[in-house]
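Participant: Fold the stuff below for me.
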Amino acid sequence: MTSMINPTQLARQLAAEFAQRADAADRAGKLPSEDVQALRDSGYLTISVPREYGGAGLSLGECVEAQLELAQGSGSTAMVAAMQIHAFGNARETDAWPAPYLERLSCLAVEEGALVNGIASEPVMGSPSRGGRFHTYAEPHDQGWRINGHKNWSTGGTHLTHMLVSMSVDEETGLMIVPNNIDGVGWVETWGDSLSLRASDSHDVYFKDVIVPQDNLIPRAKSDKRMPNAWFPMMMAATYLGVALAARAAIIRYALDRVPTALGRPIATLPKIQRQIGEIDLELQAARLLLLDTAHQWEGDPAFYPRIVAAKHLASETAIRATDHVLRVAGGNAISHSLPFERFFRDVRGGIAHPPSGDTALEIIGKAAIEQTTPLSS
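Facilitator: Numbers count the residues shown, from 1 in each chain. Below you'll find the predicted structure:
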């Protein structure tokens, strides 16, 4: 791994490179190996890894800033990176993994350029955030553990070097380190024609009598910290908002370059177009400012978590509205594959699947607002 420059500057450089491959990758429904190698070689994947183990140890705010830039190049590739960054950031902050395991995984990321993702969702259970018991399970084996099961939405696919697989172990939920190159791990390409993030390789993975050592089961950390996971919603929000920011830049360039023969000048000179772009820009500015301000203020206080939810929800919903508006500004040409607008429109819609979202998010925000308000009758 090479020494890392300023993370936000690095993210911009990577985004410029990824953008050149993003359209072809989306059409093929495949994560470019060149993107993955660039993430690994640059050290971007270690920005949230603790400093004591060789990572950058950046704060949530610094990581969100960088991710907003990276996602403007390719939402799919940025999502792959976001999965690793949030995992290490949350583990570092909440002591989710015992220290020896944090060190072990950190060293894999820093010294070997490991690409890691937590693999939890299952076809029958759906998202783990809704509760339920994992059908994927591990049972004792004379060499450690034997694993069987099926996971979906496994972002990164065969490019992953290690998976942190949630499963049932001894009637409880356990987290297992599973290398991606061992016998019994099989991938089925189910994601390439999905609505959003087609090049994220979020395929299905099957485990058939996979054997891993005993110490690959990560014990539950014994910690007094009672901190919610702010890293996941914030890194997801930064990814989707970054895509919308790319759509904003693209529609402005389009308006400057588009010269209808009947008009004889760029459509950007029309007050109607200026007003529409102003609406897009205003919403994106507001969502970006709330997201960054919230990320930089985060110090692990559970009472502040509704603000995290609010920033994530606003970012995701704004990204959806903004990319819809971009299509309307571009008109009929926006539907064509020759322009990136329809890809941006599709990609941000993945945000509705990442919790907390929808009514759940609004209930968290509303409950906090009610609890912080003193009734007139008191």
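Participant: ok, now how distant is residue 34 from residue 180?
Facilitator: Using CB to CB, to the nearest Å, residue 34 is found at 19 Å from residue 180. Bear in mind the C-beta positions are built from the backbone N, C-alpha and C, glycine included.
Participant: In terms of neighbours, single out the busier of these two.
Facilitator: Applying other CB atoms under 10 Å to residue 34 and residue 180 shows that residue 180 carries more neighbours, namely 21 against 14.
Participant: correct me, but the more buried one touches residue 163?
Facilitator: Yes: the pair residue 180 and residue 163 passes the contact test of CB atoms under 8 Å, sitting 6.1 Å apart.
Participant: how about low-confidence regions in the stretch 251-378 of the chain?
Facilitator: For the stretch 251-378 of the chain, the stretches flagged by pLDDT under 70 are 378.
Participant: In it, what residue spans correspond to helices?
Facilitator: Along the stretch 251-378 of the chain, the stretches classed as helices by DSSP state H, counting those that start in this stretch are 271-297, 305-330, 341-347, 358-371.
Participant: got it, and the stretch 101-250 of the chain?
Facilitator: Listed in chain order, the helices of the stretch 101-250 of the chain (DSSP H, counting those that start in this stretch) span residues 231-257.
Participant: what sits against the residue nearest to residue 54 when sequence neighbours are not counted?
Facilitator: Distances taken as CB to CB, 6 or more residues apart in numbering put residue 110 closest to residue 54, at 3.8 Å, once the chain neighbours are dropped. Contacts of residue 110 were listed using CB atoms under 8 Å, 6 or more residues apart in numbering, and they are 1, 46, 49, 53, 54, 55.
Participant: Name the SS class of the third one, please.
Facilitator: The one in question is residue 49. For residue 49, the secondary structure call by DSSP: H, G, I helix; E, B strand; the rest coil comes out as coil.
Participant: how many other residues sit next to it?
Facilitator: The burial metric for residue 49, expressed as a neighbour count using other CB under 10 Å, is 28.
Participant: And the fifth one, by the same measure?
Facilitator: Around residue 54 sit 16 other residues, with neighbours defined as other CB under 10 Å.
Participant: from now on call the first residue 29
Facilitator: Sounds good: first residue 29 from here, last item residue 82.
Participant: Find the residue closest to residue 186 in space, skipping its chain neighbours.
Facilitator: If the residues on either side of it in the chain are set aside, residue 186 comes closest to residue 215, at 5.4 Å by CB to CB, 6+ apart.
Participant: in terms of contact, does the one you found touch residue 230 like I think?
Facilitator: No: taking CB under 8 Å as the contact criterion, residue 215 and residue 230 are not neighbours in contact, 11.1 Å apart.
Participant: joint contacts of the two?
Facilitator: Each of residue 185 lies in contact with both residue 215 and residue 230 under the rule CB under 8 Å, 6+ apart.
Participant: winner for burial among the helices of the stretch 279-406 of the chain?
Facilitator: Neighbour counts averaged per stretch over those are highest for helix 369-375, at a mean of 24; criterion: mean count of other CB atoms under 10 Å.
Participant: Show the pLDDT at the residue nearest to residue 82.
Facilitator: On the pLDDT scale, residue 138 is placed at 98.
Participant: and the gap between it and residue 130?
Facilitator: Residue 138 sits 12 Å away from residue 130, going by CB to CB.
Participant: list residues touching both of the two?
Facilitator: With CB under 8 Å, 6+ apart applied, the overlap between the contact sets of residue 138 and residue 130 consists of residue 81.
Participant: mind listing what's buried in whichever strand or helix holds residue 39?
Facilitator: Assigned by DSSP states H and E, residue 39 belongs to helix 35-56. Neighbour counts over helix 35-56 (16 or more other CB atoms under 10 Å) mark 35-36, 38-43, 45-47, 49-51, 53-54 as buried.
Participant: do the same with stretch 271-287
Facilitator: Buried residues in stretch 271-287, defined by neighbour count with 16+ other CB under 10 Å: 271, 272, 273, 274, 275, 276, 278, 279, 280, 282, 283, 286.
Participant: Then stretch 59-76?
Facilitator: If you call a residue buried by 16+ other CB under 10 Å, then stretch 59-76 has these buried ones: 59-60, 63-64, 66-68, 70-76.
Participant: and which of the contacts of residue 138 is nearest residue 358?
Facilitator: When those are compared for distance to residue 358, the smallest value, 38.2 Å, is given by residue 74; criterion: CB to CB.
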